[in-house]
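Participant: Compute the structure for the input listed below.
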Amino acid sequence: MSNTEPAELGEGHSPAAWTAVVIMLIGFAAGTLFFWFDMAWGVWVSAGIVLIGLVVGFAMGKAGYGVNGPKFVPKHHGE
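Facilitator: This is a model prediction of the structure:
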């Protein structure tokens, strides 16, 4: 084993990714509850929230908040 660490790709560690995941997680959780309570309209609204999360993440990535965007500043964790 060597003492060098492989280069970290940084995938998923950006404001765009975190925002998209949080929105989609809320949509999935709400959809699960609505499905459990047999509320079809709520399931469809929750599916829409998941799609909104996807669009928001994509838009934020294009706006520069993605991993390789100019507004993204990677955080280095202490050793």
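
Participant: Now residue 64. Nearest residue, chain neighbours left out?
Facilitator: Once flanking residues are discounted, residue 64 sits nearest to residue 71: 3.9 Å by CB to CB, 6 or more residues apart in numbering. Placement of C-beta: from N, CA and C, glycine included.

Participant: what about the one you found, how many residues close to it?
Facilitator: If you count neighbours by other CB atoms under 10 Å, residue 71 ends up with 12.

Participant: for residue 18, same thing?
Facilitator: 14.

Participant: Local confidence estimate at it?
Facilitator: For residue 18, the model assigns a pLDDT of 94.

Participant: ok so, going back, next, find the distance separating the residue nearest to residue 64 from residue 22.
Facilitator: Using CB to CB, to the nearest Å, residue 71 is found at 18 Å from residue 22.

Participant: now do residue 56
Facilitator: 10 Å.

Participant: Pick out whichever of those two has more residues nearby.
Facilitator: Shown here are residue 56 and residue 22; by other CB under 10 Å, residue 56 has more neighbours (16 against 13).

Participant: The helix or strand containing the more buried one packs against which elements?
Facilitator: Taking DSSP states H and E as the criterion, residue 56 maps to helix 40-60. Applying 3 or more CB pairs under 8 Å, 6 or more residues apart in numbering; DSSP states H and E, one finds that helix 40-60 contacts helix 15-36.
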